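[1] Predicted model and sequence follow; I will ask about them next.
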Amino acid sequence: MTTQATAATGLRSHDSYEDVRLYIDGEWTRGAGDRSQSVLNPATGRSLGDVPLAEAEDLDRALAAAKRGFAIWRDTPVDERTAILHRAADLIRQRASAIGRTMTLEQGKPLPEARGEVIRVAKLLDWDAEEARRNYGRIIPVDIDTELTVTHEPIGPVAAFTPWNFPAGSPMRKIAAALSAGCSIVIKASEETPGTACALVRCFDEAGVPAGVLNLVFGVPAEVSEALIASPITRMVAFTGSVPVGKQLAGLAAAVMKPALMELGGHAPVIVCEDADPERAAARTAGSKFVNAGQVCTSPSRILVHESIHDRFVGALVEAAESVKVGDGLEDGVRMGPLANERRLAAVQDLVADAVERGASVACGGRRLDREGWFYAPTVLTEVPLDARVAREEPFGPIAPVISFEDVSEALEIANSLPYGLAAYGFTESVATAARLKRGLDAGILSINHCGGSVPEAPSGGVKESGYGREGGSEGLDAYLVTKRIWHRF
């Protein structure tokens, strides 16, 4: 890599890992203190570098900058705002390989997956930028001497919090929507995957986003969330992450009457009906299950299969799982990388051990791989009892628990029995059965005969304890806008 290319992407030539900083008021900084934590490569367990942790002074600076930035960005003509955001998207696309490599180093997913994620976030940014042009409002006919209008205005500075499993996708959902709506933002991205967030923010900086509009911080999560949410400068809270943390942040927001967008965890059921093609259903389920080592909130994680096709489905699923090449995400041909951290590895091991203790059988996998890093084999469990933890708790790992059922009513009852409702999947060749699944499954995202992911042009979000609000689609900017009624008598 040339010196010029290194400077352009923010990568350090000796290890090709991003120089991690806070970004406050248009400046890159190590912050006011000297606290930091190591960033580890999950494929090796070794340190890539460190991430500075913000102090209270840094958070105050970021909030003050967001307040000033909002006043500038809100009044920037939509054509100018959109042009800047499209330039940022172009820079992200140009740097997809470098940003993807950073993501693989710090998060572990295979390089093609990482590059694909970067390309998708550029597309999302372009989509949201254009949605800003369609923020029309309306005129309501009334008396001849009266004008009654409805307008949609940016809500103000946003505090956003994102996890480590999609180091580009999760931050971009917040940044793209907030900036497209005309808001400023202070975003706390994950301390475990900070390099990707820094690389994205550099693209916005170089595209011409004014100082203060976009601020990036890292820090002790409780310290940062309490400070940002409580501040009178913050007008809206956006979070992606676990249900327990989401409840905590939603409570902090409610205490100061601030609206919040919560995209929380799930435990996605897959219902494979009697008339489905079991081999095709197994292949498509496996294709989604082992993406990102199962560390996806919409990952198929409770696989309910009709008893008449159970054995054929399991055979095909095991074959698909055993064909997955596991390894360092930078190696050619690898389809599944390590778990992102040691906590996830321990959690997956505990879930499998509990299931086996309660009577489940390991059809394949079920073990940590004998190599450095946090690798776990793609795993299929059968005869999983409903009281097993893996049937009740989101596994967030490469575990595919299979449960047989006798009829669709029983499958729907099992699927809806948990307090989650993010994603669900169904396989059937019957239009009538498909309609029954569409009506009967409690989920904000439902896929029939495939396990597809999110797309910019359609909304994503959950019901029940999986959260509220939507990201993506024409609904994606709603949480960042205030609807104002204006009644003008002449």
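    Nice, I can see it.
[2] Apart from its chain neighbours, what residue comes closest to residue 117?
    residue 168 (5.0 Å; Cβ to Cβ, 6 or more residues apart in numbering). For the C-beta atoms, the positions are set from N, CA and C on the backbone; glycine is no exception.
[3] ok, now how distant is the one you found from residue 451?
    21 Å (Cβ to Cβ, to the nearest Å).
[4] okay, those two: which has more neighbours?
    Ranked by neighbour count (other Cβ atoms under 10 Å), residue 168 and residue 451 place residue 168 first, with 30 against 21.
[5] measure residue 429 to residue 281 for me?
    On the measure of Cβ to Cβ, residue 429 and residue 281 end up 10 Å apart.
[6] And those two? Which one has more around it.
    Relative neighbour count places residue 281 above the other of residue 429 and residue 281, with 28 against 12, counting by other Cβ under 10 Å.
[7] did I read that right, the more buried one in a helix?
    Yes - per DSSP: H, G, I helix; E, B strand; the rest coil, residue 281 lies within a helix segment.
[8] residues contacting it?
    270, 272, 313, 427, 449 (Cβ atoms under 8 Å, 6 or more residues apart in numbering).
[9] Which ones among these lie within strands?
    Among those, the members falling in strands (DSSP state E) are 270, 272, 427.
[10] can you list these in a markdown table and add neighbour count?
    Listed next are the ones in strands among the contacts of residue 281 as a markdown table, based on neighbours: other Cβ atoms under 10 Å:
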| residue | neighbour count |
| --- | --- |
| 270 | 27 |
| 272 | 28 |
| 427 | 29 |
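[11] So for residue 13, what's the pLDDT?
    Residue 13 carries a pLDDT value of 35.
[12] shift numbering so it begins at 49
    All right, first residue 49 from here; so that's residue 61.
[13] send the alpha carbons of stretch 254-263 over as PDB?
    In PDB, the C-alpha atoms belonging to stretch 254-263 read as follows (Å, rounded to 0.1, in the frame of the first residue of the first chain):
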ATOM      1  CA  GLU A 254     -13.900  14.200   3.400                       C
ATOM      2  CA  ALA A 255     -17.200  14.500   1.500                       C
ATOM      3  CA  GLY A 256     -17.800  17.800   3.200                       C
ATOM      4  CA  VAL A 257     -20.200  17.200   6.100                       C
ATOM      5  CA  PRO A 258     -19.800  20.300   8.300                       C
ATOM      6  CA  ALA A 259     -18.000  20.100  11.600                       C
ATOM      7  CA  GLY A 260     -20.300  19.100  14.500                       C
ATOM      8  CA  VAL A 261     -22.900  17.400  12.300                       C
ATOM      9  CA  LEU A 262     -21.400  14.000  12.800                       C
ATOM     10  CA  ASN A 263     -19.500  13.100  16.000                       C
END
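[14] contacting residues around it?
    Counting by Cβ under 8 Å, 6+ apart, 71-75, 110, 113-118, 120-121, 124, 132-133, 135-136, 138-139, 223, 227, 232-235, 249, 252-253 sit against stretch 254-263.
[15] OK, contacts around the residue positioned nearest the centre of the chain?
    In the chain, the centroid-proximal residue (Cα atoms, centre = their mean) is residue 218; its distance is 3.9 Å. Residue 218 is in contact with 210, 211, 237, 288, counting by Cβ under 8 Å, 6+ apart.
[16] again, 10 Å this time
    Residues near residue 218 by Cβ atoms under 10 Å, 6 or more residues apart in numbering: 165, 169, 208-212, 235, 237-238, 241, 244-245, 287-289, 311, 345, 519.
[17] likewise residue 264?
    68-72, 76, 102, 110, 208, 219, 223, 233-237, 242, 245-246, 248-250, 252-253 are the contacts of residue 264 under Cβ under 10 Å, 6+ apart.
[18] who does it bridge with?
    residue 71, residue 235 (DSSP bridges).
[19] Run through the neighbouring helices and strands of the longest helix along the chain.
    Secondary structure of the chain per DSSP state H: the longest helix is helix 159-179. Other elements packing on helix 159-179 under the criterion 3 or more Cβ pairs under 10 Å, 6 or more residues apart in numbering; DSSP states H and E are helix 126-142, helix 144-155, helix 217-229, helix 242-255.
[20] again, 6 Å this time
    Packing partners of helix 159-179 (3 or more Cβ pairs under 6 Å, 6 or more residues apart in numbering; DSSP states H and E): helix 126-142, helix 144-155, helix 217-229.
[21] contact partners of stretch 336-347?
    157, 213, 313-314, 316, 348, 372, 384, 387, 426, 444-446, 448, 470-471, 499 (Cβ atoms under 6 Å, 6 or more residues apart in numbering).
[22] what about 7 Å?
    157, 161, 213, 313-314, 316, 348, 369, 372, 384-388, 392, 426, 443-448, 470-471, 493, 499 (Cβ atoms under 7 Å, 6 or more residues apart in numbering).
[23] Now the terminal residues of that stretch, how far apart.
    Taking Cα to Cα, to the nearest Å, stretch 336-347 runs 7 Å from one end to the other.
[24] Below-threshold pLDDT in this structure: ranges please.
    49-63 (pLDDT under 70).
[25] Try it again at 90.
    49-64, 66, 500-502 (pLDDT under 90).
[26] Domain ranges for it, per the record?
    51-312+514-535, 316-503 (automatic domain parsing).
[27] what's the spacing between the residue lying closest to residue 155 once chain neighbours are set aside and residue 111?
    The shortest distance from residue 155 to any residue other than its chain neighbours is 4.9 Å, reached at residue 241 (Cβ to Cβ, 6+ apart). According to Cβ to Cβ, residue 241 and residue 111 sit 24 Å apart.
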